[in-house]
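Engineer: Just a sequence and a predicted model for now, questions to come.
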Amino acid sequence: MSPEVTPASVPLRQRFTRGLDAPICLTWELTYACNLACVHCLSSSGRRDPMELTPAEARQIVDELAAMKVFYVNIGGGEPMLRPDFFELLGYAVEKRVGVKFSTNGTRLTAEKARRLAAMDYLDVQISIDGAVASTNDAVRGEGAFGAARQAMEHLADANFGQFKISVVVTRDNVSQLDQFSEMAQHYGAQLRLTRFRPSGRGAETWEALHPTAGQQRTLYLWLRDHPDVLTGDSFFHLSALGEPLDGLNLCGAGRVVCLIDPVGDVYACPFVIDREFLAGNVRRPGGFAAVWRESELFQSLREPQSAGACASCGSYDACQGGCMAAKFFTGLPLDGPDPECVFGHGETALAARPADARPGFTVGHSKIDASGTPIAVPTPVRFRPSARV
Ligand code: SF4
Ligand code: SF4
């Protein structure tokens with residue numbers, strides 16, 4: 001007789017693979033407006049979308065998340081602090097006991113706002129910085145962005161905010177600065193978080209030049225093994241094929257434990273796949289977010305066992321699972337093939353063999369545009385004009 005299979009007897013990873021009643025890592029982008037124009041922005045942010053959720057609709061989402069017992073939400077953008085109702089929404093989430101971790105470029109985080117944030121519960125702040133020195137950071141995030149981020153960190157430390165996060169997208173140009181990032185975090189009593197550079201949004205155009213080389217990936221893997229206290233959001237599990245698995249679930253959580261609500265209420269399988277192909281529904285439709293999460297055909301299909309495809313014969317498949325769906329999709333590789341950064345070089349071979357038109361075109365983009373309507377592809381200098389409208 002086979003033993004009874006109860007939820008508790010199913011291994012954790014298997015349960016996550018089948019999907020949960022509510023996401024454990026929900027990202028909510030509040031606005032596409034941004035005063036920067038980072039070259040790797042996953043949501044191609046810049047201009048506010050006129051259809052963005054109203055304050056009342058945003059509060060309704062918080063109500064839904066509270067009813068679904070979502071413990072916390074990652075808030076981002078765009079630059080979320082540009083939303084006029086930002087603090088009201090934070091307060092509302094806290095009141096409903098939905099914890100918030102929000103990411104900011106720091107340009108609007110004044111000393112007064114840092115004190116206001118420090119006085120709130122259930123709140124975490126993540127300052128984005130992509131270089132341990134100004135030249136490396138500002139090449140990606142725009143002139144003045146490094147100074148603004150450091151100033152925001154100073155304000156949080158002065159306000160005794162506690163252990164905020166310093167968030168870094170690992171690139172070819174900053175991988176040599178990992179120790180410096182770690183020292184920066186120690187200096188502020190903060191925690192370092194490293195994220196993988198995915199070829200999403202504007203990152204699709206810059207990934208080729210900026211993603212870490214094969215040698216750098218190995219360096220990063222070894223560094224992460226030596227620094228288990230550094231947060232990664234499980235984003236480097238493709239590196240687990242190099243040996244001992246990195247800490248984390250080591251699986252693609254898209255539509256299973258992860259998803260994204262964008263500023264107009266569209267729900268995507270993960271923050272890095274903002275494309276119609278991975279659009280599951282919209283919170284404005286009947287049933288709201290819960291119906292999308294529980295019933296959408298896309299999410300149901302992502303919760304089915306996935307084919308290992310060309311990775312089936314790889315001895316490291318258990319650790320790497322074929323890597324990141326978003327990285328494959330936006331580089332034009334088959335979703336059941338190797339990750340473009342496969343540590344055994346199979347991704348590079350697949351990239352060289354892909355048809356010229358394999359990469360998807362843009363379906364969603366809010367980049368700033370110049371007078372002729374052409375998207376601005378280079379970072380713009382930061383201007384410290386707190387009252388400026390974006
Ligand atoms: S697609 Fe990539 S970024 Fe998104 S959940 Fe899967 S592994 Fe993570
Ligand atoms: S062949 Fe596939 S499973 Fe193996 S390491 Fe490369 S991407 Fe991962």
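Structural biologist: Ah, there it is. The structure displayed is predicted, hence computed values, not measured ones. Ligands and ions are numbered 1, 2, ... in the order given.

Engineer: where along this protein do the strands fall?
Structural biologist: Ranges of strands within the chain are 25-29, 72-76, 99-104, 123-128, 165-170, 191-196, 258-261, 266-268, 279-282, based on DSSP state E.

Engineer: Adding distance to ligand 2 and mean pLDDT, write those out as CSV.
Structural biologist: For the C-beta atoms, the positions are set from N, CA and C on the backbone; glycine is no exception. Formatted as CSV, the strands of the chain follow (distance: least, CB to the nearest ligand atom, whole Å; pLDDT from 0 to 100):
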stretch, distance to ligand 2, mean pLDDT
strand 25-29, 22, 94
strand 72-76, 26, 95
strand 99-104, 28, 97
strand 123-128, 28, 98
strand 165-170, 18, 98
strand 191-196, 14, 98
strand 258-261, 19, 96
strand 266-268, 23, 97
strand 279-282, 25, 98
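
Engineer: got CSV for these, with mean neighbour count too?
Structural biologist: Shown next, in CSV, are those (neighbours: other CB atoms under 10 Å):
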stretch, mean neighbour count
strand 25-29, 24
strand 72-76, 22
strand 99-104, 20
strand 123-128, 22
strand 165-170, 23
strand 191-196, 21
strand 258-261, 26
strand 266-268, 25
strand 279-282, 19
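
Engineer: Turn these into TSV, columns for distance to residue 209.
Structural biologist: Putting the strands of the chain into TSV (distance: least, CB to CB, whole Å) gives the following:
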stretch	distance to residue 209
strand 25-29	25
strand 72-76	24
strand 99-104	24
strand 123-128	20
strand 165-170	14
strand 191-196	16
strand 258-261	26
strand 266-268	26
strand 279-282	29
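
Engineer: need the contact list for the spatially closest residue to residue 124 that is not a sequence neighbour.
Structural biologist: Among residues not flanking residue 124 along the chain, residue 101 sits closest, at 4.0 Å (CB to CB, 6 or more residues apart in numbering). Contact analysis of residue 101 by CB atoms under 8 Å, 6 or more residues apart in numbering lists 72, 73, 74, 75, 123, 124, 125, 126, 165.

Engineer: Check residue 54 too.
Structural biologist: Contacts of residue 54 by CB under 8 Å, 6+ apart: none found.

Engineer: what is the residue nearest to residue 124 paired to in the beta sheet?
Structural biologist: Beta-bridge pairing of residue 101 under DSSP bridges involves residue 74, residue 124.

Engineer: separation between it and residue 310?
Structural biologist: 36 Å (CB to CB, to the nearest Å).

Engineer: if we can go back for a sec, please name whichever of the strands of the chain is nearest to ligand 1.
Structural biologist: strand 258-261 (4.6 Å; CB to the nearest ligand atom).

Engineer: Run through the neighbouring helices and strands of that closest one.
Structural biologist: With contacts defined as 3 or more CB pairs under 8 Å, 6 or more residues apart in numbering; DSSP states H and E, the packing partners of strand 258-261 are strand 25-29, strand 266-268.

Engineer: any idea how far that strand is from the chain center?
Structural biologist: 10 Å (CA atoms, centre = their mean, to the nearest Å).

Engineer: neighbours around the closest residue to residue 223 other than its chain neighbours, how many?
Structural biologist: Of all residues not flanking residue 223 in the chain, residue 178 sits nearest, at 5.2 Å (CB to CB, 6+ apart). The number of residues packed near residue 178 is 21, by other CB atoms under 10 Å.

Engineer: do the same with residue 285
Structural biologist: 12.

Engineer: Also residue 335?
Structural biologist: What residue 335 shows, counting by other CB under 10 Å, is a neighbour count of 14.

Engineer: Buried residues, stretch 341-357. List them.
Structural biologist: 341, 342, 343, 344, 346, 347, 350, 351 (16 or more other CB atoms under 10 Å).

Engineer: anything in that stretch near ligand 1?
Structural biologist: No: Stretch 341-357 lies apart from ligand 1 when judged by CB under 6 Å from any ligand atom; the minimum separation is 11.5 Å.

Engineer: returning to that earlier point: restrict the contacts of residue 101 to those near ligand 1?
Structural biologist: Applying CB under 6 Å from any ligand atom to these, none is adjacent to ligand 1.

Engineer: hmm, which two among those are most spread apart?
Structural biologist: In these, two members sit farther apart than any others by CB to CB. They are 73 and 165, at 14.9 Å.

Engineer: Helices along the stretch 201-350 of the chain, start to end?
Structural biologist: 203-210, 214-226, 288-295, 297-302, 317-320, 325-330, 346-353 (DSSP state H, counting those that start in this stretch).

Engineer: Show residues contacting the shortest one.
Structural biologist: The reference is to helix 317-320. For helix 317-320, the external contacting residues (CB under 8 Å, 6+ apart) are 237, 238, 240, 241, 245, 250, 308, 311, 314, 339, 342, 343.

Engineer: Buried among those residues? Need that as a selection in PyMOL.
Structural biologist: Selection of buried members from those for PyMOL, criterion 16+ other CB under 10 Å:
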select buried, resi 237+238+240+241+245+250+311+314+339+342+343
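
Engineer: Could you dump the contacts of helix 317-320 into TSV and include distance to ligand 2 and pLDDT?
Structural biologist: Below are these laid out as TSV (distance: CB to the nearest ligand atom, whole Å; pLDDT from 0 to 100):
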residue	distance to ligand 2	pLDDT
237	9	94
238	6	96
240	9	95
241	4	96
245	12	91
250	11	79
308	7	90
311	3	95
314	3	95
339	4	97
342	3	97
343	6	97
